[in-house]
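**Student:** I need the structure of the sequence given here:
(chains A and B)
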Amino acid sequence: AQKITQTQPGMFVQEKEAVTLDCTYDTSDQSYGLFWYKQPSSGEMIFLIYQGSYDEQNATEGRYSLNFQKARKSANLVISASQLGDSAMYFCAMRAPNSGGSNYKLTFGKGTLLTVNP
Amino acid sequence: GAVVSQHPSWVICKSGTSVKIECRSLDFQATTMFWYRQFPKQSLMLMATSNEGSKATYEQGVEKDKFLINHASLTLSTLTVTSAHPEDSSFYICSAWGHGGITDTQYFGPGTRLTVL
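**Tutor:** Model prediction:
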């Protein structure tokens, strides 16, 4: 069974600073995919970034980067130059195995509530 | 990216009534859709996997007779909460994998906030 652990229930960061949101995972599969989603107070789930287990380079998408440390089974999200609009709940999720089938489930962590202070 | 819509975005109903929530994939076909519920300040809990043309697969502990799922076409899945009670009040979200390749992304609808009085 897969498990995602997010140990930070809440995080605070000053505007324009960088912040790291932690995520560790557990799976026996060799092929898996890791996702980060943002959920603002409106409730919609916004896809941020994806990392495949075989990807050699860390994924980046604009101000978001994923610090993937396979041996440690961690996939931390780094947000650079925080903005007030980054205040939201952030969820780490995993799909295993990562074969691209349409019926594979995502396993979610409990989330981290990020607050960006002006 | 792929777009998933939900209707209604919010609904208030009386205890004992049934409520239907629609989930549509707008620009892609989804043979499989997922239904989640989320309580305030908690994570998403997968309720069921909806398969086009066949019965839904429910997660352990989810009452299939209470939460009826119908996936009648490649772009539409519906969740009906039957005989709703106040404890069914929650945020319900559907999702589907965007097509193509191992880096598929699961796209989510905007959610439906259900309040049962």
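**Student:** so who does the residue of chain A found nearest chain B touch?
**Tutor:** Residue of chain A nearest chain B, by Cβ to the nearest Cβ: A:M45 (3.7 Å). The C-beta positions use only the backbone N, C-alpha and C, and glycine is treated the same way. Residues near A:M45 by Cβ atoms under 8 Å, 6 or more residues apart in numbering or on different chains: A:37-39, A:91, B:44, B:93, B:95, B:108, B:111.
**Student:** now it, nearest residue through space, not along the chain?
**Tutor:** Excluding the flanking residues, the one nearest A:M45 by Cβ to Cβ, 6 or more residues apart in numbering or on different chains is B:F108, at 3.7 Å.
**Student:** A:Q30 too?
**Tutor:** A:Q30's closest residue in space is A:S53 (Cβ to Cβ, 6+ apart), at 6.9 Å.
**Student:** Count the residues that sit near the one you found.
**Tutor:** 19 (other Cβ atoms under 10 Å in any protein chain shown).
**Student:** Flag every residue of chain A that's near chain B.
**Tutor:** Applying Cβ under 8 Å from any Cβ of the partner chain, we find that chain A lies next to chain B at A:33, A:35, A:37, A:42-45, A:47, A:50, A:52, A:91, A:93, A:95, A:98-100, A:102-106, A:108-111, A:113.
**Student:** okay if I get the contacts of A:M45 as a markdown table plus neighbour count, distance to B:R24 and secondary structure?
**Tutor:** As requested, those are arranged in a markdown table below (neighbours: other Cβ atoms under 10 Å in any protein chain shown; distance: Cβ to Cβ, whole Å; DSSP: H, G, I helix; E, B strand; the rest coil):
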| residue | neighbour count | distance to B:R24 | secondary structure |
| --- | --- | --- | --- |
| A:Y37 | 24 | 20 | strand |
| A:K38 | 21 | 22 | strand |
| A:Q39 | 22 | 21 | strand |
| A:F91 | 25 | 23 | strand |
| B:L44 | 24 | 19 | coil |
| B:I93 | 25 | 13 | strand |
| B:S95 | 23 | 12 | strand |
| B:F108 | 23 | 13 | strand |
| B:G111 | 24 | 14 | coil |
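**Student:** Distance check, the residue nearest to A:M45 against A:P40.
**Tutor:** Here B:F108 is placed at a distance of 12 Å from A:P40 (Cβ to Cβ, to the nearest Å).
**Student:** can you give me phi and psi for B:L46?
**Tutor:** phi -70, psi 130 (degrees, to the nearest 10).
**Student:** Just give me the residue right at the centre of chain A.
**Tutor:** Among the residues of chain A, the one closest to the centroid is A:W36, at 3.1 Å (Cα atoms, centre = their mean).
**Student:** low-confidence ranges in the chain?
**Tutor:** No chain specified, so I'll use chain A. Filtered on pLDDT under 70, chain A yields the residue ranges A:98-103.
**Student:** Hmm, no, I was thinking of chain B.
**Tutor:** Along chain B, the model assigns pLDDT under 70 to residues B:1-2, B:99-103.
**Student:** Much appreciated, bye for now.
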